[in-house]
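Visitor: Next comes the sequence, and after it the predicted model I'd like to discuss.
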Amino acid sequence: MQPIKPDYVNLGLSTPMGPQLRALVEQYLLTDLAAYVVLNQKLKFDWSDSCIEGRDSTYLDGSLENYSGILLFDEQDNLVADGWMEFIHEDDFFLVYWDYVTVWQDGKEIFDKPDPGIPDHVWAQLPDCIKLICEKASRRYIR
């Protein structure tokens, strides 16, 4: 596998996210990634290949979609993870998680979440009223 060169400047199709929203989304994705593997490193996001994949919403200082093409690199610009994010935004509740994610180490795949849907560790964070909404809208939030 040829190394992927990061682009930390080009925001791809994620440009409608303002700085506050982007920081929150990135924090949620980093937190969610820890549920799949332990990463003791500072990761940097590359949004340059981000692509719109469906629903959208407005929150804080911008809008977002469930983007694919998100790349994360370590401090030496080695690819650590890539994937597709999903979010739940109902009234005042907002949460972002990986819908699909692949984790890499030394150019080799070490973990893959190939199935969409709300993982158990995310489901456990949802208030009961949000769980009911997600269950009723199962086409939106496959579990």
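Guide: Done, it's in. Small disclaimer: the values here were computed from a predicted structure and weren't measured. Residues are numbered from 1 along each chain as shown.

Visitor: So which bits of the longest helix belonging to the chain are buried?
Guide: When the chain is scanned for its longest helix (criterion: DSSP state H), the result is helix 19-34. Residues of helix 19-34 classed as buried: Leu21, Arg22, Leu24, Val25, Glu26, Tyr28, Leu29, Asp32, Leu33 (neighbour count, 16 or more other CB atoms under 10 Å). For glycine as for every other residue, the C-beta is placed from the backbone atoms N, C-alpha and C.

Visitor: Which residue ranges of the protein form helices?
Guide: 19-34, 120-123, 128-136.

Visitor: From Pro127, how far off is Pro19?
Guide: 27 Å (CB to CB, to the nearest Å).

Visitor: ignore the last one, Asp106
Guide: Counting by CB to CB, the gap from Asp106 to Pro127 is 40 Å.

Visitor: Comparing the two, which residue is more hemmed in?
Guide: Between Asp106 and Pro127, counted using other CB atoms under 10 Å, Pro127 has the larger neighbour count: 10 against 6.

Visitor: List the beta-bridge partners for the residue nearest to the more buried one when sequence neighbours are not counted.
Guide: Take Pro127 and drop its neighbours on the chain: the residue closest to it by CB to CB, 6 or more residues apart in numbering is Phe93, 6.8 Å away. Counting by DSSP bridges, Phe93 forms beta bridges with Glu90.

Visitor: Likewise for the one 10 residues further on?
Guide: On the basis of DSSP bridges, Val103 is bridged to Ala81, Phe111.

Visitor: Was I right to think it contacts Ile110?
Guide: Yes. Contact criterion CB atoms under 8 Å: Val103 and Ile110 qualify, at 5.4 Å.
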